[in-house]
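1. Sequence and predicted structure are below.
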Amino acid sequence: MTSPASVVAIAGSCPTRDNFNSRFNPDYKRWFSCDLATNQTSMVAQMSPPVEITWNPLKPMNDYDVWNINSDLSREFLPLLAELRPAYLVVDFFADVHFGVVRLPDGTFVTNNRWKIQKTDWFEEQHALGTLTPLSLQRDTEEYLSLWREAIERFAAYVAEHCPDTTVVVHRGWNTNLVRVKDRPEPMRMRRYKPMRPFDVKRGNELWAVLDDYCIDRFGWESIDLRDEQFTSYPEHPWGIFWVHYEPEYYHRFLAELHKVHLRHSSLDADVQDRMQEIEDAVRESGDRRWRHAQALADSRGEIVAEQRARIEYLESLGPGRAVKFAIGQRLRARRATNEEDTLA
């Protein structure tokens, strides 16, 4: 008998939502049902009162973009979450790291989404009037962190009150600055492959870790952390290369990690869980061994190439005549050594 799928809600963005998309994980619906999500709403805006404005797109928008803006303004996610009471709530803080917010004159906040709200007549008019105060985690770090901490405290309290049986999972954020391109042995820098908006990846990852650490340490939430595996982006990603558009294996690993969270919170016997961990550790150990062997082989080949390059540079420094004499001398010495070995044998 098949068990019913566990209901999942997402307060985050595409690095989390894509895990519950059949393009990335074709069979995810066998185990999980993603019934509610926000997209690219900062936590500061999410916990701010609703914003009632009239807006129109500067250029045609699809229905999804229209929903995205209205969802950010209305804060509809919170009452819908309380109604759904999902088994799992997965959060990521992409919007806080990449967008930040704008403060309105009445003290409310809107996510400063350059792909969505900034493409509306309302934003253009208010920006021209100077009524919007932008706040960025990277630029206004301490002020933003203060607002964010206050917001996440209220968010955690809301979830605890209205969804007491929901397990919250922090999807630890990771911006890659590498892209894996076909026919290249090593990944290359993303901005060398394609012109992109400037973004301080190192600083962004440091600040993202601050937000994640706060939630895990303060509230004891579960976490999924794939940062150490150094996944890159790739050109064939359905949404294109980007800091949080990863290789296909990333999404498979995420789902596997969510399975582990589910098993820890199910009635599965502890001994069975230990056996499964033993299996995973053995598979990982085998993979690590193959990687070390491949790395050792690559290093040895690198040493040979370096020696050959040094020899070529030395021969070039001798000039044509001396280089020929040196090469002939090397051959004579090698032949003499071979003859001596044959005599001794």
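-> That came through, no problem.

2. Point out where the stretch 151-300 of the chain drops to low pLDDT.
-> Judged against pLDDT under 70, the low-scoring parts of the stretch 151-300 of the chain cover residues 283-300.

3. where do the strands sit along it?
-> For the stretch 151-300 of the chain, applying DSSP state E, counting those that start in this stretch gives strands covering 167-171, 178-179, 188-189, 222-224.

4. Take those strands and write them to TSV, including mean neighbour count.
-> Backbone N, C-alpha and C define where each C-beta goes, glycine included. TSV is the format used below for those (neighbours: other C-beta atoms under 10 Å):
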stretch	mean neighbour count
strand 167-171	22
strand 178-179	21
strand 188-189	12
strand 222-224	18
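
5. could the ones you listed be laid out in JSON lines, adding distance to S33?
-> What follows is the strands of the stretch 151-300 of the chain, written out as JSON lines (distance: least, C-beta to C-beta, whole Å):
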{"stretch": "strand 167-171", "distance to S33": "15"}
{"stretch": "strand 178-179", "distance to S33": "33"}
{"stretch": "strand 188-189", "distance to S33": "38"}
{"stretch": "strand 222-224", "distance to S33": "18"}
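
6. Of those strands, which is nearest Q126?
-> Q126 lies closest to strand 167-171 among the strands of the stretch 151-300 of the chain, at 32.3 Å (C-beta to C-beta).

7. Name the residues that touch that closest one?
-> 12, 15-16, 87-92, 156, 159, 212, 215-216, 219, 221-224, 254, 258, 261, 265 (C-beta atoms under 8 Å, 6 or more residues apart in numbering).

8. Just the buried residues out of these, in PyMOL syntax.
-> To isolate the buried ones among the contacts of strand 167-171 in PyMOL, judged by 16 or more other C-beta atoms under 10 Å, type:
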select buried, resi 12+15+16+87+88+89+90+91+92+156+159+212+215+216+219+221+222+223+224+254+258+261
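
9. D63 versus K182, what's the distance?
-> Distance, K182 to D63, by C-beta to C-beta, to the nearest Å: 35 Å.

10. Go ahead and flag the most central residue of the protein.
-> W174 (3.7 Å; C-alpha atoms, centre = their mean).

11. wouldn't it be in contact with R253 here?
-> No - with contact defined as C-beta atoms under 8 Å, W174 does not reach R253; the gap is 12.0 Å.
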